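J.: Sharing a model prediction with you, sequence too.
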Amino acid sequence: MLFKRNPNGIDLPFPSEITPRGVFESRRSFIKQLALGSIGGTSLLEMTSREVFAQSATVQKLSTKANGIYLVSEKATSYKDATTYNNFYEFGTDKSDPALHAHKLKPRPWSVSIEGEVKKPMALDLDALLKLAPLEERIYRLRCVEGWSMVIPWIGYPLSELLKKVEPNGNAKYIEFTSLADKKQMPGVNSSVLSWPYVEGLRLDEANHPLALLTLGMYGEVLPNQNGAPVRIVLPWKYGFKSAKSIVKIRLTKDQPRTAWNIAAPQEYGFYSNVNPGVDHPRWSQATERRIGEDGFLVKKRKTMLFNGYSDVASLYAGMDLKKFF
Amino acid sequence: MVSPKQISAIKAALFVAALLPLIRLVTFGFTERLGANPIEFITRNTGDWTLYFLCSTLAITPLRRLSKWNWLVKLRRMLGLFCFFYAALHFTTFLWFDHFFDLDEMLKDVVKRPFITVGFIAFILLIPLAVTSTNGMVKRLGGNRWQWLHRTIYVIAPLGIMHFWWMKAGKHDFAQPTLFAVILGVLLLLRVYWKFAKEKQQ
């Protein structure tokens, strides 16, 4: 099998052995900040932590089996950074906005309808989604189109498991993800920065690639709201914005879906948006990236890898001009 | 009338106040409050403060005319120099953290990306203004020539806004650049209006 190997060839601890410590450490720092907050008044940062803390104190743990194939040798990003530095425009355009406002989102009850070119259209609630296939923990690199990156232990199962259930018909060539756009729960939807709801999409063969993860949790727990609760997609070889969050609808289509960022700025955000150091964003280079929590004052930015290092996906794009289909 | 003593006190207070954004950044740096991406925080913050000081500097003349407080002009040089100071910090973060002092790489970036080109030109154009800000330089150049040179600010200011505008363009987030553009537009249009009004009188 093509994918039954560790691409780095390095033995690593199982993700389940790493992550609880990360969660533990982040909790300790939240508790510390809580204590500081009660003495020194409430600052923005402390409020953020409190939101996160309030959420993670009551969250449901997810039990998983570690996926021994999709591991990376890099250190996982701290839980705090991964939950306070997010692009999730439904909650505001600033990267601190999601952590501040995402508590308004109600991830339960939730339902995802799967429709379009499928033999068995269906609507699945969260419990049905959690039970659909065995949950795996996978540590993926995340590369944002803005030039920064993280390493995150996600929990989910391959999107292909869901597709098997709904049975795409012969017309199905693409898949379209629609995110929730509810002004009551998502203050950012009142702004006109993007045309709501947020829509993302893939070619069907991309969606069936084993790396494409239907994601329900991270760091051993259900997804925090600001990270796309309760269900999102994670596509580690593409820029982060391709991985739609808080999904309410999945549609199989004949034609290529029109995606939110592509509508907003087609010359800057292509349909494919595969991580590619050789194709610059018009306003900045994609050759390097800054790993959050690591690269910075004294360490140079690191080199970005083609497909974010997930070279297994290259066969999906054989013969395609990646500069044209960026 | 404001006495020279009062002017000195105001200037001292302004000097300390103008350093507060830097002190805040340094404090945040040592207490780990710059967020997940400290360099982005510093870059944006120093850029913002450059624009705040640019607007403040350009606000002096209109304020002075409207309020008849002529002493305000005595604060203008300091505000202008702080604009340059934060622009220099902003540029340094770019050169240091984005390119690790690799001048070659930096210049490639400057040439390739219009939003950086524009910001870079604005910064370069600020240098002669900062250098000629002393009384000695005013004398050496002569009032007229000095004034002509310093009118470069009317080119620099729109370049600064354009730099910010294009930076935000990819995110479709024009609220802040629009606000800066409106403020600067008003400050510049007031000057045009006064000039025409004066010519009409003559």
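T.: Thanks, I have it.

J.: Quick check: residues of chain B near chain A?
T.: Within chain B, the residues that sit near chain A (CB under 8 Å from any CB of the partner chain) are B:33, B:35-40, B:97-98, B:100, B:109, B:112-115, B:166-167, B:169-173. To be clear about C-beta, it is placed using only N, CA and C from the backbone, and glycine gets the same treatment.

J.: and those residues, which are buried?
T.: Using 16 or more other CB atoms under 10 Å in any protein chain shown as the burial test, the residues of chain B next to chain A include B:35-40, B:97-98, B:109, B:113, B:115, B:166-167, B:169-171, B:173 as buried.

J.: Surely A:P107 touches A:A229?
T.: Yes - counting by CB atoms under 8 Å, A:A229 is a contact partner of A:P107 at 4.0 Å.

J.: ok so, going back, show me the buried ones among the residues of chain B next to chain A that map onto helices.
T.: Counting by DSSP state H, the members of these that fall within helices are B:38-40, B:109, B:115, B:166-167, B:169.

J.: got a pLDDT number for A:G37?
T.: A:G37 carries a pLDDT score of 38 in this model.

J.: cool, and A:L130?
T.: pLDDT recorded at A:L130 is 95.

J.: What ranges does chain B have for its helices?
T.: Assigned by DSSP H, chain B shows helices spanning B:4-30, B:38-67, B:76-93, B:103-112, B:114-131, B:135-141, B:143-150, B:153-169, B:175-201.

J.: can you redo these as a markdown table with distance to A:T64 and mean pLDDT?
T.: What follows is the helices of chain B, written out as a markdown table (distance: least, CB to CB, whole Å; pLDDT from 0 to 100):
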| stretch | distance to A:T64 | mean pLDDT |
| --- | --- | --- |
| helix B:4-30 | 37 | 95 |
| helix B:38-67 | 32 | 95 |
| helix B:76-93 | 41 | 97 |
| helix B:103-112 | 42 | 86 |
| helix B:114-131 | 43 | 95 |
| helix B:135-141 | 69 | 94 |
| helix B:143-150 | 65 | 94 |
| helix B:153-169 | 40 | 93 |
| helix B:175-201 | 42 | 92 |
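
J.: Can you name the residues of the stretch 1-150 of chain A that neighbour chain B?
T.: Within the stretch 1-150 of chain A, the residues that sit near chain B (CB under 8 Å from any CB) are A:45, A:80-81, A:84-85, A:93, A:95-96, A:148.

J.: rerun that using 10 Å as the cut-off
T.: A:29, A:43-45, A:48, A:77-78, A:80-87, A:89, A:92-96, A:144-148, A:150 (CB under 10 Å from any CB of the partner chain).

J.: cool, and the stretch 201-326 of chain A?
T.: Contact residues, the stretch 201-326 of chain A versus chain B (CB under 10 Å from any CB): A:261, A:264-265, A:267-269, A:280-285, A:287-288, A:290, A:292-293, A:295-301.

J.: Tell me which residue in the stretch 1-150 of chain A sits closest to chain B.
T.: Per CB to the nearest CB, A:Y85 is where the stretch 1-150 of chain A lies closest to chain B, at 3.4 Å.

J.: got a list of what the closest residue to that residue other than its chain neighbours touches?
T.: For A:Y85, ignoring the flanking residues on the chain, the nearest one in space by CB to CB, 6 or more residues apart in numbering or on different chains is B:A36 at 3.4 Å. Contact analysis of B:A36 by CB atoms under 10 Å, 6 or more residues apart in numbering or on different chains lists A:77-78, A:80-86, A:95-96, A:148, A:150, A:292-293.

J.: What is the longest strand along chain A packed up against?
T.: In chain A, taking DSSP state E as the definition, the longest strand is strand A:148-158. Contacts defined by 3 or more CB pairs under 10 Å, 6 or more residues apart in numbering or on different chains; DSSP states H and E place strand A:148-158 against helix A:15-40, helix A:79-84, helix A:126-131, strand A:136-143, strand A:213-218, strand A:232-234, strand A:288-291.

J.: any idea which of these scores lowest on pLDDT?
T.: Mean pLDDT is lowest for helix A:15-40 among the helices and strands packed on strand A:148-158, at a mean of 44.

J.: Which of A:P107 and A:A229 has more residues huddled nearby?
T.: Set A:P107 next to A:A229 and count neighbours by other CB atoms under 10 Å in any protein chain shown: A:A229 wins out with 25 against 20.

J.: Let me know the secondary structure of that one.
T.: coil (DSSP: H, G, I helix; E, B strand; the rest coil).

J.: Check A:G278 too.
T.: coil.

J.: what pLDDT does it get?
T.: pLDDT recorded at A:G278 is 93.

J.: Ok, A:I10 next?
T.: A:I10 carries a pLDDT value of 37.

J.: Would you mind listing which of the residues of the stretch 201-326 of chain A next to chain B are buried?
T.: Among those, those scoring as buried are A:261, A:268-269, A:281, A:284-285, A:288, A:290, A:292-293, A:295-296, A:301 (criterion: 16+ other CB under 10 Å).

J.: all strands of chain A, in order?
T.: Taking DSSP E as the criterion, chain A carries its strands at A:65-66, A:111-116, A:122-125, A:136-143, A:148-158, A:174-179, A:199-203, A:213-218, A:221-222, A:232-234, A:247-253, A:288-291, A:302-303.

J.: what's the burial count for A:N227?
T.: Counted with other CB under 10 Å, residues neighbouring A:N227 total 24.

J.: From A:G217, how far off is it?
T.: Per CB to CB, to the nearest Å, A:N227 is found 9 Å from A:G217.

J.: tell me, what's touching the two both at once?
T.: A:W154.

J.: thought A:W284 was touching B:F94?
T.: No - if you go by CB atoms under 10 Å, A:W284 and B:F94 don't touch, sitting 11.4 Å apart.

J.: Which single residue in chain B comes nearest to chain A?
T.: B:A36 (3.4 Å).

J.: show me what contacts B:G142?
T.: B:G142 makes contacts with B:W148, as judged by CB under 10 Å, 6+ apart.

J.: Kindly report the same for A:L204.
T.: A:117, A:163, A:168, A:172-175, A:252-253.

J.: Can you say which of the helices of chain B is nearest to A:S192?
T.: Closest to A:S192 of the helices of chain B, according to CB to CB: helix B:175-201, at 10.4 Å.

J.: Verify the stated contact: A:N276 with A:V313.
T.: No - contact criterion CB under 10 Å: A:N276 and A:V313 do not qualify, at 11.6 Å.

J.: Quick check: neighbours shared by those two?
T.: Contact criterion CB under 10 Å, 6+ apart; residues shared by A:N276 and A:V313: A:237-238, A:306-307.

J.: can you pick the most crowded of those residues?
T.: When neighbours are counted by other CB under 10 Å, A:W237 leads the shared contacts of A:N276 and A:V313 with 28 neighbours.

J.: So that residue sits against A:N274, correct?
T.: Yes - using CB under 10 Å, A:W237 is in contact with A:N274, at 6.0 Å.

J.: what touches both of the two?
T.: Listed as contacting both A:W237 and A:N274 by CB under 10 Å, 6+ apart are A:206, A:306-308, A:310, A:313-314, A:316-317.

J.: Now the two most distant members of those.
T.: The span of these, defined through CB to CB, is set by A:E206 and A:L306 at 15.7 Å.
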